[in-house]
Every structure is written in structure tokens, then in C-alpha cells.
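K.L.:
Kindly generate the corresponding structure for this input.
(chains A, B, C and D)
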There are 4 protein chains.
Amino acid sequence: MFQIDLNCDLGESFGAYKIGLDQDILEYVTSANIACGFHAGDPSVMRKTVALAAERGVKMGAHPGLPDLLGFGRRNMAISPEEAYDLVVYQIGALSGFLKAEGLHMQHVKPHGALYNMAAVDQKLSDAIAKAVYKVDPGLILFGLAESELVKAGERIGLQTANEVFADRTYQSDGTLTPRSQPDALIESDDAAVTQVIKMVKEGAVKSQQGHDVSLKADTVCIHGDGAHALTFAQKIRKQLKAAGIEVTAISEQRST
Amino acid sequence: MFQIDLNCDLGESFGAYKIGLDQDILEYVTSANIACGFHAGDPSVMRKTVALAAERGVKMGAHPGLPDLLGFGRRNMAISPEEAYDLVVYQIGALSGFLKAEGLHMQHVKPHGALYNMAAVDQKLSDAIAKAVYKVDPGLILFGLAESELVKAGERIGLQTANEVFADRTYQSDGTLTPRSQPDALIESDDAAVTQVIKMVKEGAVKSQQGHDVSLKADTVCIHGDGAHALTFAQKIRKQLKAAGIEVTAISEQRST
Amino acid sequence: MFQIDLNCDLGESFGAYKIGLDQDILEYVTSANIACGFHAGDPSVMRKTVALAAERGVKMGAHPGLPDLLGFGRRNMAISPEEAYDLVVYQIGALSGFLKAEGLHMQHVKPHGALYNMAAVDQKLSDAIAKAVYKVDPGLILFGLAESELVKAGERIGLQTANEVFADRTYQSDGTLTPRSQPDALIESDDAAVTQVIKMVKEGAVKSQQGHDVSLKADTVCIHGDGAHALTFAQKIRKQLKAAGIEVTAISEQRST
Amino acid sequence: MFQIDLNCDLGESFGAYKIGLDQDILEYVTSANIACGFHAGDPSVMRKTVALAAERGVKMGAHPGLPDLLGFGRRNMAISPEEAYDLVVYQIGALSGFLKAEGLHMQHVKPHGALYNMAAVDQKLSDAIAKAVYKVDPGLILFGLAESELVKAGERIGLQTANEVFADRTYQSDGTLTPRSQPDALIESDDAAVTQVIKMVKEGAVKSQQGHDVSLKADTVCIHGDGAHALTFAQKIRKQLKAAGIEVTAISEQRST
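P.N.:
Numbering: from 1, shown residues only, chains lettered A, B, ... in the order given. Below you'll find the predicted structure:
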């Protein structure tokens, strides 16, 4: 049977600042990436987010980011691999405090924003991140851009990994995402987006912008959690995946069966 | 046999900023309170401090502080008990990441600065802090000002606690520290300071500024870690405690025997 | 002719986080208190807010807060008068950079949140804040809670001051606000709120919760800037003030005529 | 007569963290670059640094950095030109608050660390920084790496500029600094360093590592302010410059004569 995990970034509010429809989107996803206070989130938001996800049985992971709250962790920073290691260990630890306090376990780690993007193409940075995850807990699953350096680094060190794909982004014939600077980077139609995901899951392939079928492993799909459209799309993809005979289930539950 | 733990605040450097003679003072103490990035410390400093303490076999604890790097966590802030709970869980978790990465265990938690002082006299805040420690790991030992609300809160919830005393501070007949605003708050003579500690350990009492013998439980003594004098004093107190037949050993090792 | 200034806190967004209906509320107020990056706001938000206010001819002031973004500057912190002086000078300066860049002038300074509340009852803190404002520019108008220590400190040092009143808060017979902890602290009815302001402006008095007419100087009324109701109320108060023969005009324009 | 300005980064302490021999180095330099709270410095440190520099008659400038206290502003960050504009306006403004409070004037602006280095080779970033300086005060002098994009951007917009050179760094035949990654990047001998500066001032040229005389304009020399050697070198260069008939005087005083 075909299976796929749907993940979403959550817990990105900060103090008086609210972002995201956390409570609503949790109805549709199976893995929650919880911000850890560097690019977003704060200790109180983390506690509340853990409680919300636990109520709905959604698996949780740390979503460590660069120390750049002002830039929401989206601006590349020239950090050393050692600094990456340290900030990932710190943030996994911080979230694990809230999980331990509730007797819960962490499923995965997915770097955020610029850290995710930099790691996708930087072997040293990826090795440092994978090492951080592995040393804190070798049972954690490392999420990274499908077939990126980060996923490879996770495999090298002996972690379980999850290849992440995007429903609403187009792909090139070399398997990379079409850069956002290009006009055809985004898939505007919800149906086309879902169709792309179904093909990824069932065939392990994506139709590139150049018209080729490109092999691409898809373990988890990133779902957005803010904006009214996010909820509509989440609802739609769950329904259509089910109709296509694809079970939506957390990555750790796929692996454990 | 008489025993006492000597603890010191460590890992308070931040980025390019260096504070404290961490490497040197670790030769003399048995418990290290490691800053967790809120009032001081950063992920890289935490990793390095854990490594230094582990090399010397010094037991480690989290030293959570208020989110006030500018004020070094020394300025009272009107945080709610819930906020205290959250920031203590977060900081214990963050440090535990570095400990887990090295296969090490946390011994204790000692709140820092204003958080420590506020908790000493505030039952609700203390209960929240004790709950945070207990929920993350009921095996942790909570350090607090001797016989303060914090120690009582720890006992109420079922934690092991350690009554902390100060070698270089004078006491009042009600067992409280002489406020720093008073001219006789500090003990200037090293010998007098050590004598006070020896009396605390052997007799469970301190001579108050009013001349009375006041009963006071002493489980751990706070040693300073910066300034040239700190090292001299640390060396002296260890030597004189030994001469007085008092073994200096980590609090968890006292309890486990 | 009766005149009153309507002021609103603006520019409280931060990075990816949006708060407040700045563009809309600017249609109704005459003075904008712009956050300066400590409790809220960031350099880009400040530039944009200055541009928005300038377009609508709304007078601008610095809205300095405590260095507590996580607490939105609403948590009391035990800062020294000297620290208050420093953070007010810094924040006035920072905003003045954006004003100078556009050839604009600052009208006023209104401390934010906990800094405002602490200053209202603390003479030393108020003197330090008033001194900061005066030394940076003695032509600035200091906004403070009506007849509070802050207003008195401003007058002592030779600043123009503005007594701020609240439309939706009730008052006690000693002229202070009913504490928010009491059930009757807020005026729920918009009409009652406007009626209270009209009485303040025309009679220089407020009806206390104990039923007495209490003398109270009202130079400027604080209008909220977030929530759908804020806009409705702003519209209503402007209309009813006009109908009552009260001109809504910036404090500096009242004084200059 | 030959003239040169000696500048130094100052006011880089933060809260409880002390860095730099500010008081001592001020005896030897003519221009002080004062940190503005982003990469280093805080409001209290800024006030004290302004007072120290003013006592010694040292001219002052803003030293704006990236919002990266943890990295001391030394890590490249992918900020947009607009973000650079905003953070430079903010920081110049913040320092100007302390100067205005003392009736003092700002002489110059020198970006710090990674912002300085990125601007040296990035025209868009440099234009944004130059525009920020110009719009806040067109009378300010913009310091940049000699003959870099930043200096060119300053000239384009109509600012006075100062070409900064380094005493202890070697140069390549294209006029750029030898990268620090190369073994011959630093000049270890104090005498060789001073000799290089004297040649720069008197001949407008530097001997490159390849042995060529390369034309290079030198308006101001960067002097380090921390470490015991910094003071020795500062003393030596002042003495030897004087002996070589070169007057050490602030850049604004050279220009005004």
C-alpha cells in the first residue's frame, strides 16, 4: 500500500505575535515541525504547540533555525559547520524538554528556512547537522529536501531520513526545484499540485518543466500552515490522496510497520 | 563523615565575549551550574563548557536565567509562574541536548540571579520552577537558597533539593542573608569565610550578625568563578575543608552513598 | 474652542510578524507613537511607519519600551534610572534617524507599556526619562498618564507635557485608573467612553466610579490600533467629538496657536 | 604637510561583558567608531563611550553592524540593500541621540565587520549604505576600505569619504588585501607595519606581496583596541608618524583646513 507523510511548520508565533493556523492545520498533517525559539517560537509557544499536536496525535519534530528572529530564519548566514552543530543540538534539546515534560517522544528534525536551503547544497554543513541529530538521539528521523546533501549526510551517519517534496513547486530535469526567481516556479492549480504528489508517491517520479519523467523519492510532503488557502489545500490533498489509495500517515508509523 | 558540595556558575561567556576562569575553577568545584543562553552562554559555549566539566569529572546542572542578556539575568522581571515554568523547561532541555550528545547526565538545576532571588521568596514562582524541573526529570536535584521557598517547593513536589549557602555573605538571626545594601553584608576575610562554612557543615548552624547561633542546613557552597581572588579562595577553602575533616564531593555522590 | 489630540501606538510589527491596522487607524488619529525596536518594531517597520504617518500628516513621536520583545515591553523590569535614561535616549535617537532621513521632525515621546506604568508612579525613573527627552531635544513634548509622576517630571525639567487619558478605562476618586484586576476597570459601551472623553475635555473632570466629579487634565486620548473594533471606535469618537464642538488636532498644533 | 587619521573601534562591551581597552586607546587615535547595539555595544556603553571620547577630543562616528550579537557582526548575512539602508539609518540615529544629548556632533560612519566587507565588493549594498548616511546627514564622512565599492558609492551620492588602510595587513598587486586565509596576510613586525603606513601616506602607494608599487589612497588607518599589543603599537605608530613628519589628526580636521 502507498503511504505518505504530510508535514507542516508550526509554533511560529512569538510573544504577542501570532502567526499560523496551528490548531486548524493540525487536523490534516501527520508530522509537525515545531519552531525552537531561534527563527520563531518561544518557550510558551513551544509548550502550547506540543500540547496541541499531542491532542491530535500528530508526531512532532524539532524545526531548528538560524539565530535570526528578525529575518524569520530566512536569510543565509555564514555560520561554520561547528556553529550549525551547536545550534541544532541546542534547539533539539530545548524542544525535547517540553516533550519529556509530557512523556512524549520526538520523531524527527527538519532544519528551517535558510538553514535547510544552505544544508541542501553544502556537504560540510549537512554533515554537522546530521551529526548533531545523531548524537542527541540516533533514533530521530532527519527531514531534508529530497535527495539533497542533507539527506545524504543523514544516511552517511546512520540516521533514518525522509525525502521532502513540495506539492506546489515545479521541478527541473536534474531533480532540483525550479528557482523561485523563475516565472514557472510555482504550481498555481491545487489539482495539478495534488496530481504531482500522487505521481511522486506512486511512481517515485516527477514530471519536470522540461517534460521528462525524473526519478524522485517522496517520503513526506510539506504543507503550508498560514493563509486561508492553506487549510483548503490541506483538506483537498488529504481527500484526493485517500481517493488515490494513498494512506496519509506519519513517517515513523510507516517505518515501524 | 562530613561532606559538602562546592558549586560554581560556569559557561557565562557569549560569542566574542569572555567571562570567567572556567577552566581553572573547575579544578576546585564538584558541581558546575552551566548557563543556558538566556542570561548568558550560547550554544557553542555550552558545548565547550560541558566538555571541560566532563574532563574533570565535575557534575553538571542547568543554570536557567531570565531572558535578559543585557542585564545578565540580574534584573527582576515580572514574569508569571507559567512563564517561569516555560523558560526553565526550555533551558534544562537545551543543556540536556549537549549532555545527551556526549552520553552524560544532568545532576541538578540552579536558577540564576534574579530568578533565583525572586524564587527564594515567592511560593508560586518556586512551585512553577520546581514543577518544570520535576516534569522534565524527577531525578534532578533542585538547588536553592538554604531553607528558601524554592527549596520548600522542590520538597513539596518530590524533588531532591540542595540548600545552598554562601561563604562570603553574612546572615541575620532569621536565617536570611544580610542585604547587600548593608555595610556588613560581605565577609572580607577568607579565613572567616571558610570558618563560617566549616561551622555550617559541622554544626548545621551559622553565627548571625546579631551574635546568635542560627540553625541552617548547608548542602552546597557557592564559589565564585571570576576574578583572580576567586581561584585563591577556591584553593584555600578546599584545603581547609579537608584539614577540618570535611570531604568535598558532588551532591549526587553524597546522596548515592 | 475645545481641542484634543488622539494618539495611537503604531509600528509594532516585527520582521515577519504583523500587528495592528496601522494604515487604517492613521485616518483617525493626530499623533502616532512609533515603536523603536525594543519592545516591538524593527528598522524596516520604523521606516515604513514614518512614511505612512507622514503621508497622512500625522505627527510622530518615539514610543520607547523596555528591552523585552518577548514580553512586548509589558513586564515590569527592575531597571535603574540610569538604564532608563540610556534606553530612552537610544530609542529617540533611532527613530529620529528615520525622521531626519525624510526631513521630518519628532513631536513627542511616550514611553510604552511597563516603562510607562512604572514611570507613572516612580519619581526617579520619571526624572531619568524626562531628562533623556530634554537632553536629546528640549522641544519634544512628553506624554504621560494624566497628572502622573512622569508628567510632573517633564514639567520640572522644563519640557512641554501632554496629560494622557483613556476613553475606555474608569477612574477612581483619587484620579487614578481603576486597576484592571477590578471588574469595573473597563468601559464597555462606546458611547459611555466618548461621553467620558467629552466631559474630560470640556469640564476638565471625570466622573469616578465612586460617583464624584474628579478634576483631571486631558490633553491627548489614547486610541487602540488593533482589532476590528478599534477602527469603529476611532471613527465614532472623531465624529462625536466634532459634533460636541471639540476639534481633534495634534498636540503640537494646539500649542502653537 | 602630510596628515593621517587614526581610527579605532570602540564601545564594543555589552552589559556585563567587557571588551577593549577603550580608555587607553583613546589617547592615541583621532577618530572613534562607536558600536551601536547591533553587533556590540548597548545604550549604557554608548553613553559612556561618547563621554570618554569627548573628554579626549576624539571625533566620533557610528559603527553600524549586522544584527548578530552572537557573531559579533562578523558573519555574512544575506540582507537586502533595503535592510542595509534601514539598519544603518537606525544605528546612526541611535548614536546621534547620545551625541545630541551632550551637544556633540557626529563626524563619520564606518560599517562594521561583515557589513563592511560585504559592502566593499557589493555595489547595491554600498549604494544603500551611502544613501542611508547621506539622507540622515549629508555632512557625515563615510569610511570604507580604500578604493572599495563603499567609497565609490559614497562619492557617487555626494558624501565625503575616507579611504581606510590597514597597517598590519599585506596587499596584492590589484590593491586588495591579501586574504586572511593566506599565510602572508598579516604583517607581524610593528616596524614593517608603520613603514607601510608611512609609504601609503607620503607616496600614496603600497608595496604589494608581488613586489610592485601599487597606488593606494590612505585617509585613515585602522588601529586595534584590544590586547596589550594594541596599545604598544598605537604608541609606536604615533611616535614614528610624527618622526616622519606626518601629522595625526582627525579626518574632519584635515578637510576643514
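K.L.:
got the residues of the stretch 101-250 of chain A near chain B?
P.N.:
Proximity of the stretch 101-250 of chain A to chain B, by Cβ under 8 Å from any Cβ of the partner chain, involves residues A:101-102, A:132, A:135-137. From N, CA and C alone the C-beta is placed, and that goes for glycine too.
K.L.:
Now do the SS call for the residue nearest to residue A:220 when sequence neighbours are not counted.
P.N.:
In space, and not counting its chain neighbours, residue A:220 is closest to residue A:5: 3.9 Å by Cβ to Cβ, 6 or more residues apart in numbering or on different chains. Here residue A:5 is recorded as strand under DSSP: H, G, I helix; E, B strand; the rest coil.
K.L.:
Does residue A:5 touch residue A:221 like I think?
P.N.:
Yes. With contacts counted by Cβ atoms under 8 Å, residue A:5 reaches residue A:221, the gap being 7.2 Å.
K.L.:
what's the distance between residue A:143 and residue A:76?
P.N.:
Distance of residue A:143 to residue A:76, computed by Cβ to Cβ, to the nearest Å: 19 Å.
K.L.:
Show me which of the two is the more surrounded one.
P.N.:
A direct count of neighbours by other Cβ atoms under 10 Å in any protein chain shown for residue A:143 and residue A:76 places residue A:143 higher, at 29 against 17.
K.L.:
wait, that one sits on residue A:221?
P.N.:
No. Contact criterion Cβ under 8 Å: residue A:143 and residue A:221 do not qualify, at 11.0 Å.
K.L.:
Overlap in contacts, those two.
P.N.:
When contacts are counted by Cβ atoms under 8 Å, 6 or more residues apart in numbering or on different chains, residue A:143 and residue A:221 are jointly contacted by A:7, A:164.
K.L.:
Could you tell me how many residues sit around the residue nearest to residue A:220?
P.N.:
26.
K.L.:
show me the contacts for it.
P.N.:
Each residue near residue A:5 by Cβ under 8 Å, 6+ apart is listed here: A:30-31, A:162, A:219-221, A:248-251, A:254.
K.L.:
tell me the two of these that are most distant?
P.N.:
Farthest apart among those by Cβ to Cβ are A:162 and A:248. That separation is 14.0 Å.
K.L.:
Tell me which of those two has more neighbours.
P.N.:
residue A:162 (28 against 16).
K.L.:
tell me which element the more buried one falls in.
P.N.:
Assigned by DSSP states H and E, residue A:162 belongs to strand A:160-166.
K.L.:
show me where chain A has helices.
P.N.:
For chain A, the helices defined by DSSP state H cover A:22-25, A:43-55, A:81-101, A:113-121, A:123-136, A:149-157, A:190-203, A:228-243, A:251-255.
K.L.:
and these, which is most packed in?
P.N.:
Of all those, helix A:81-101 carries the top mean neighbour count, a mean of 26, counting by mean count of other Cβ atoms under 10 Å in any protein chain shown.
K.L.:
Do that helix and chain C come into contact?
P.N.:
No. If you take Cβ under 8 Å from any Cβ as the test, helix A:81-101 misses chain C, and the best it gets is 14.3 Å.
K.L.:
angle of that helix against helix B:43-55?
P.N.:
With axes from the mean of the first three to the mean of the last three Cα atoms, to 10 degrees applied, the angle from helix A:81-101 to helix B:43-55 works out at 80 degrees.
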